[in-house]
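K.L.:
I need the structure of the sequence given here:
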Amino acid sequence: MRRAFICPSKYVQGENELYNLGYFVRTYGKSALLIAHPDDVNRVKTQLDATAAKYNVKFIPCDFTGECSRQEVERLKAIAKENKCNCIIGLGGGKAIDTAKCVNAGKSRLIIVPTIAATDAPTSHSAVLYTPEGAFDDYAYFTSPDVVLIDTAVIAKAPTRFLVSGMGDALSTYFEARSNVQSYSAVNAGLPCGAREKKCPPAYGTKTAFSLATLCYETLLADGYKAKLACDSNQVTEALENIVEANILLSGLGFESGGLAAAHAIHDGLTVLEETHHCYHGEKVAFGTLCQLLLENAPQEEIDELLDFCCTVGLPVCLADLGVEEIGDRLQEVAEKACIPEESVHNMPFPVTPDMVAAAIMAADKMGSEFKANCCCEC
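P.N.:
Down below sits the predicted model:
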C-alpha cells in the first residue's frame with residue numbers, strides 16, 4: 001500500500017518569535033514580498049520594522065486586496081518578479097496565507113506567518129481560490145511551506161473567538177482521520193503539486209498522521225479551556241502554546257496526511273444557509289463533527305465528551321448556535337451539497353446518502369440543544 005505524509009520544512013512557534021522573521025528571510029536573500037492585509041501589517045509593524053533593521057532585509061509591500069483570486073495572484077507575481085524578491089511571506093489570516101502559496105507556486109521560498117490560530121491552513125500545501133467578488137473558484141496544490149513561523153504573543157492579543165474557532169477545526173481532526181483509517185481512503189498528502197486533475201496513484205495515511213491527529217484531540221481536551229481563559233486575558237501560557245500547536249501544527253498535519261470525512265463535508269453543506277455566513281469555519285466544523293458522530297452512531301460517552309468540550313469553550317452544538325432558527329425544506333439542500341461526488345463525506349467507512357446526512361444533522365441538533373439545556377456550564 002502506498003502511503004504519504006507531507007509537512008513544512010520548518011515549524012517555529014514562540015512568544016515574540018516575529019522578531020526573528022528577518023533571520024529566515026536572510027537565509028534566502030535580502031528581500032521578501034509581504035502579502036498581508038494593511039490591518040495585519042499595522043498590528044505587527046513594530047516587530048516587522050525591528051526585524052528588518054536587525055537582519056538588514058527588506059519587506060516589499062503589495063497592497064493586498066484581501067481576496068485570493070487568480071487576478072490578484074498574477075498581479076502579485078509581477079510585483080515579486082519586478083522587485084526580484086527572494087521569498088514570499090503570507091502574513092495574517094487564511095486568504096493572505098493561501099494567496100502567498102499561489103504566488104510562490106513552488107518556484108521560490110515560502111514563509112507563512114499566521115496572526116491568528118483560527119484554522120489549520122498554515123502548514124498545508126493546499127490553497128482555496130476565489131473570484132474577485134469572493135465566490136469559490138477552485139482548489140490548488142503546491143509544495144509545503146519552507147517555514148511556518150508563529151508568534152504566540154500576537155495570537156494571544158487577537159480576539160479569543162479566533163482561537164476557539166481553531167479548536168473547532170482541530171476538533172474534527174482525530175474523528176475524520178479515524179474514518180479514513182477505517183475506510184482505507186486516499187489522503188491529500190499524496191496529491192501532486194499543481195492542479196487536482198493531474199494523474200497520481202492514490203496514497204493512504206500513515207501511522208504518524210493518525211498519532212498526530214490523536215494527540216491533537218487529547219491536547220484540546222487537556223488545555224482548551226485554560227487556553228481560552230489565557231487568550232481572554234491576552235496572556236501567553238503553556239496551555240495557550242499547546243493549543244496553538246494543536247490548532248495549527250497537529251491539526252494541519254493530521255488533516256492533510258490523515259484525511260477529511262463527514263465533518264468538513266457537512267460544514268460545506270451548511271454554507272448554503274445564509275444565516276451561517278457570520279460563523280467562522282471552525283465553528284461550523286465543530287457542529288459538523290457532532291453530526292459525524294451521530295452519523296456513525298458513536299458511543300454516547302464519546303458524544304458527551306465532545307458536547308461537554310464544545311459547551312465549555314463556547315463552540316456551537318446545535319443549529320441555533322449557528323444562527324439557524326428554522327431549517328425546514330433547506331435541510332435537504334444542505335445534505336445534498338454535503339454528498340456531492342467530490343466531497344469528503346465519502347471517506348466514511350460506509351456508504352452515505354443525503355437522507356442519512358439530513359437525519360444526522362437533525363439528531364445532532366436535538367441532542368446538542370438538550371445537552372445545553374441540561375448542562376451546568378455557561379454555554
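
K.L.:
From Y139, how far out is G22?
P.N.:
32 Å (Cβ to Cβ, to the nearest Å). Every C-beta, even on glycine, is put in place using the N, C-alpha and C of the backbone.

K.L.:
again, but for L33
P.N.:
Counting by Cβ to Cβ - L33 and Y139 are separated by 23 Å.

K.L.:
Which of these two has more residues huddled nearby?
P.N.:
More neighbours surround L33 than the other of L33 and Y139, with 26 against 15 (other Cβ atoms under 10 Å).

K.L.:
tell me which strands and helices whichever strand or helix holds that one is in contact with?
P.N.:
Assigned by DSSP states H and E, L33 belongs to strand 31-35. Judged by 3 or more Cβ pairs under 8 Å, 6 or more residues apart in numbering; DSSP states H and E, the packing partners of strand 31-35 are strand 58-60, helix 70-82, strand 87-92, helix 94-104.

K.L.:
Let me see the mean pLDDT of stretch 149-168.
P.N.:
Mean pLDDT, stretch 149-168: 98.

K.L.:
quick one: buried residues of that stretch?
P.N.:
149-156, 158, 160-168 (16 or more other Cβ atoms under 10 Å).

K.L.:
so L149, which of the three states?
P.N.:
On the three-state scheme (DSSP: H, G, I helix; E, B strand; the rest coil), L149 is labelled strand.

K.L.:
I'd guessed P38 sits against D63; true?
P.N.:
Yes: if you go by Cβ atoms under 8 Å, P38 and D63 touch, sitting 7.5 Å apart.

K.L.:
which outside residues touch the strand or helix carrying D268?
P.N.:
Element membership for D268 (DSSP H and E) is helix 262-270. Residues outside helix 262-270 that contact it (Cβ atoms under 8 Å, 6 or more residues apart in numbering): 172, 175-176, 179, 276, 281, 284-285, 287-289, 291-292, 295-296, 322, 334-339, 343-345, 347-348, 352, 357, 360-361.

K.L.:
rerun that using 7 Å as the cut-off
P.N.:
172, 175-176, 276, 284-285, 288-289, 291-292, 295, 322, 334-335, 337-338, 343-345, 348, 352, 357, 361 (Cβ atoms under 7 Å, 6 or more residues apart in numbering).

K.L.:
Please apply the same query to stretch 202-217.
P.N.:
Against stretch 202-217 from outside (Cβ under 7 Å, 6+ apart): 1-5, 170, 173-174, 177, 180-181, 184, 186-187, 189-190, 246, 250-251, 253-254, 257-259.

K.L.:
buried set for that stretch?
P.N.:
Buried residues in stretch 202-217 (16+ other Cβ under 10 Å): 203-206, 209-210, 212-217.

K.L.:
And this structure, split by domain according to the record?
P.N.:
10-157, 160-374 (automatic domain parsing).

K.L.:
Tell me the pLDDT of K366.
P.N.:
97.

K.L.:
end to end, how far does stretch 26-43 reach?
P.N.:
Chord length of stretch 26-43, first to last residue, is 23 Å (Cα to Cα, to the nearest Å).

K.L.:
likewise stretch 293-305?
P.N.:
Stretch 293-305: ends 11 Å apart by Cα to Cα.

K.L.:
hang on, the earlier thing: buried ones among the contacts of stretch 202-217?
P.N.:
Among the contacts of stretch 202-217, the ones that count as buried (16+ other Cβ under 10 Å) are 4-5, 170, 173-174, 177, 180-181, 186-187, 189-190, 246, 250-251, 253-254, 257-259.

K.L.:
Return the backbone torsion pair for A127.
P.N.:
phi -140, psi 150 (degrees, to the nearest 10).

K.L.:
again but with D146, I slipped
P.N.:
phi -80, psi -40.

K.L.:
Please look at it and S9 and confirm they touch.
P.N.:
Yes: with contact defined as Cβ atoms under 7 Å, D146 reaches S9; the gap is 4.9 Å.

K.L.:
Looking at these two, which is more packed in?
P.N.:
Remark: of D146 and S9, D146 carries more neighbours, 19 against 12, as counted by other Cβ under 10 Å.

K.L.:
Next one: A195, what pLDDT does it get?
P.N.:
On the pLDDT scale, A195 gets 46.

K.L.:
Sorry, slip of the keys, the one I care about is V128.
P.N.:
89.

K.L.:
in terms of contact, does N83 touch I60 like I think?
P.N.:
Yes: because the distance of 4.8 Å satisfies Cβ under 7 Å, N83 is recorded as touching I60.

K.L.:
Spell out which residues are contacts of both of the two.
P.N.:
Common neighbours of N83 and I60 (Cβ under 7 Å, 6+ apart) are 31, 33.

K.L.:
the more surrounded of those two?
P.N.:
Applying other Cβ under 10 Å to N83 and I60 shows that I60 carries more neighbours, namely 18 against 14.

K.L.:
re the thing from before, looking at the buried ones among the contacts of stretch 202-217, which are in helices?
P.N.:
For the buried ones among the contacts of stretch 202-217, the ones inside helices are 170, 173-174, 177, 180-181, 251, 253-254, 257-258, with DSSP state H as the criterion.

K.L.:
Output those as CSV; include the columns distance to T131.
P.N.:
As requested, these are exported to CSV (distance: Cβ to Cβ, whole Å):
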residue, distance to T131
A170, 29
T173, 29
Y174, 34
A177, 32
N180, 31
V181, 36
S251, 28
L253, 30
G254, 30
S257, 30
G258, 31
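
K.L.:
Find the pair from these with maximum spatial separation.
P.N.:
With distances taken as Cβ to Cβ, the most widely separated pair in those is A170 and V181, at 17.9 Å.

K.L.:
circling back to that earlier point, which of the ones in helices among the buried ones among the contacts of stretch 202-217 sits closest to N242?
P.N.:
The closest of those, once distances to N242 are taken by Cβ to Cβ, is A170, at 11.4 Å.

K.L.:
The closest one reaches S251, doesn't it?
P.N.:
Yes: counting by Cβ under 7 Å, A170 does reach S251; the two are 3.8 Å apart.
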